[in-house]
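Student: Just the structure for this:
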Amino acid sequence: MDSTEIIISALAGLSVIAIGGAILMGKRVKRAPLEARLRDVAGGNVSGGSAPAIAPRFTGMVENLGTRVAHGKASVTLREQLTQAGYHGENAAAVYVGAKLILATVGLLGSAALVVPTTTFPIQTKSVLIMMFSMGFFFIPNIIVSSRRASRRGEIRRHLPDAIDLLEICASAGMGIDQAWNSVGDEVRAVSTTLADEMALTNLEIHLGAPRADAMRHMASRTGADELSSMVAVLVQSERFGTSITDALRTYAQSMRETRSQRAQEAAEKMAIKLIFPMIAFIFPAAVLIMAGPAFMSLYQVLAK
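Tutor: Numbering: from 1, shown residues only. Next up, the predicted model:
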């Protein structure tokens with residue numbers, strides 16, 4: 001095994017470690033608020049074991065790096081995107097910036113060690129390749145955050161019609177909107193922890209004195225789901241004008257079910273178009289080879305004589 005193969009193997013392992021570390025940091029940041037609350041409840045005696053002791057140190061190092069680079073400030077858009085992705089901690093923006101810088105450095109050093117020893121490329125091509133690798137690693141946190149945002153919105157979009165049905169049933173049974181909200185949050189937790197957590201956080205804001213309309217608007221802003229914004233508008237208007245919340249929820253639940261059915265039909269219609277590309281790339285060449293292969297072989301044998 002020559003030095004190039006050793007360098008490639010080492011860089012591949014380093015890349016896997018860097019990506020895995022970024023994923024673990026994201027999970028750690030997401031769990032940080034819950035662990036802080038548990039420490040407050042237990043008086044600071046929450047035992048997390050001896051193995052995870054390295055993770056807070058690494059996360060703290062990344063946070064310090066991001067804080068120094070960003071000077072402790074983050075844009076409102078970045079904080080909103082991280083919140084919609086499920087990262088509610090105050091240090092989420094600093095960890096995000098620090099992770100981008102560390103991954104960019106790893107990509108820069110790794111690609112330089114891989115490309116520079118190669119003598120077949122000119123210096124301009126090497127510089128472009130190094131910058132492309134570095135930028136690719138730099139945008140890995142963006143991809144993770146975007147994926148989590150889409151996943152959370154999709155989960156809320158799938159389970160929100162059922163939650164609205166339950167809310168309408170509880171309200172029809174005579175329960176108050178706050179009590180119905182709590183009951184639905186407990187029932188939904190079995191199928192969607194994301195929606196249940198957001199409903200519980202909204203209930204906590206209401207108990208702390210925030211108006212119900214503002215707390216629900218905050219919930220819609222945290223998730224980024226348009227369906228939640230519409231539901232909040234329906235509840236706020238029903239409460240403001242004194243109309244029946246039960247009728248409003250029943251009508252909105254029916255509208256949500258129709259919208260979900262229309263999206264399923266739209267996805268089914270798009271599937272035929274999406275299947276064209278794999279058919280052309282994989283199935284069509286194989287079919288041509290099977291059908292026309294014997295004829296080409298016979299023609300080649302005739303021409304070869």
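Student: in the stretch 51-200 of the chain, what spans have low per-residue confidence?
Tutor: 51-61, 63, 65-74, 118-119 (pLDDT under 70).
Student: Where do the helices of it begin and end?
Tutor: Taking DSSP state H, counting those that start in this stretch as the criterion, the stretch 51-200 of the chain contains helices spanning 54-70, 76-84, 92-115, 123-138, 140-172, 177-188, 193-207.
Student: Report all helices and strands that the shortest one contacts.
Tutor: When contacts are defined as 3 or more Cβ pairs under 8 Å, 6 or more residues apart in numbering; DSSP states H and E, helix 76-84 sits against helix 92-115, helix 140-172, helix 212-223. No exception for glycine: its C-beta is placed from N, CA and C like everyone else's.
Student: Now with 6 Å, please.
Tutor: Counting contacts by 3 or more Cβ pairs under 6 Å, 6 or more residues apart in numbering; DSSP states H and E, helix 76-84 packs against helix 92-115.
Student: next one: the longest one
Tutor: Under the contact criterion of 3+ Cβ pairs under 6 Å, 6+ apart, the helices and strands touching helix 140-172 comprise helix 92-115, helix 177-188, helix 193-207, helix 245-274.
Student: just the angle between it and helix 92-115, please?
Tutor: Using axes from the mean of the first three to the mean of the last three Cα atoms, to 10 degrees, the inter-axis angle of helix 140-172 relative to helix 92-115 is 150 degrees.
Student: okay, the helices and strands packed on helix 140-172 in TSV with distance to residue 20 and mean neighbour count next?
Tutor: Compiled in TSV, the helices and strands packed on helix 140-172 are given as follows (distance: least, Cβ to Cβ, whole Å; neighbours: other Cβ atoms under 10 Å):
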stretch	distance to residue 20	mean neighbour count
helix 92-115	12	21
helix 177-188	32	18
helix 193-207	23	18
helix 245-274	31	13
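Student: possible to save the ones you listed as JSON lines with distance to residue 302?
Tutor: Shown next, in JSON lines, are the helices and strands packed on helix 140-172 (distance: least, Cβ to Cβ, whole Å):
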{"stretch": "helix 92-115", "distance to residue 302": "50"}
{"stretch": "helix 177-188", "distance to residue 302": "72"}
{"stretch": "helix 193-207", "distance to residue 302": "67"}
{"stretch": "helix 245-274", "distance to residue 302": "41"}
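Student: per-domain residue ranges of this protein.
Tutor: Following automatic domain parsing, one gets these domains for the chain: 3-138, 153-270, 275-304.
Student: right, and those - which one's nearest residue 146?
Tutor: Closest approach to residue 146 among those (Cβ to Cβ): domain 3-138, 8.0 Å.
Student: Nearest to residue 147 among the domains of the chain would be which one?
Tutor: Going by Cβ to Cβ, the one of the domains of the chain nearest residue 147 is domain 3-138, 8.4 Å.
Student: Format the helices of the stretch 51-200 of the chain as JSON lines; extra columns: distance to residue 304.
Tutor: Output for the helices of the stretch 51-200 of the chain, formatted as JSON lines (distance: least, Cβ to Cβ, whole Å):
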{"stretch": "helix 54-70", "distance to residue 304": "66"}
{"stretch": "helix 76-84", "distance to residue 304": "64"}
{"stretch": "helix 92-115", "distance to residue 304": "45"}
{"stretch": "helix 123-138", "distance to residue 304": "43"}
{"stretch": "helix 140-172", "distance to residue 304": "53"}
{"stretch": "helix 177-188", "distance to residue 304": "72"}
{"stretch": "helix 193-207", "distance to residue 304": "67"}
